[in-house]
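Visitor: The sequence isn't on hand, but the structure is:
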């Protein structure tokens, strides 16, 4: 059983690595790899393998592009409506760590009469330069 899980994790990691190599510029690959590892660190293997690696990569890449530059105290929010009837919307935020933010957003979504298909909630510690550009991913927050 453990061997199967380890094999599935290794396969997924290799598939995501192929996406990084194909779609992220060489000068950003190392930083993006750190971001990607932290981004899905708290997600279960079952949740990750329920989606194609290309979709997982795209989800993380879109959040990366949004998070790559942010000034201290600034809150970034992006809501992508469903592309087709019955499709799923995507909500991304980049902000300082705010207690109960995810719970508050989830309650607002439910109050609006919709459901949440999947939540990825990485609390990633990063370092930025004076212009707010991401320079280092130091790990997942406490």
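Guide: Thanks, I have it. This structure is a prediction, so every number in the text was calculated from the model and none was measured.
Visitor: Could you say whether residue 43 sits in a helix, a strand or coil?
Guide: Following DSSP: H, G, I helix; E, B strand; the rest coil, we place residue 43 in the coil state.
Visitor: Residue 56 contacts residue 48, correct?
Guide: Yes - the pair residue 56 / residue 48 is scored as a contact, 6.3 Å apart, by C-beta atoms under 8 Å. For the C-beta atoms, the positions are set from N, CA and C on the backbone; glycine is no exception.
Visitor: quick one: residue 122 and residue 94, what's the gap?
Guide: Applying C-beta to C-beta, to the nearest Å, the value for residue 122 to residue 94 is 11 Å.
Visitor: More neighbours: which of residue 56 and residue 48?
Guide: residue 56 (23 against 17; other C-beta atoms under 10 Å).
Visitor: tell me what the helix or strand harbouring the more buried one is packed against?
Guide: Element membership for residue 56, per DSSP states H and E: helix 53-67. Judged by 3 or more C-beta pairs under 8 Å, 6 or more residues apart in numbering; DSSP states H and E, helix 53-67 is in contact with helix 2-23, helix 29-39, strand 76-80, strand 90-94.
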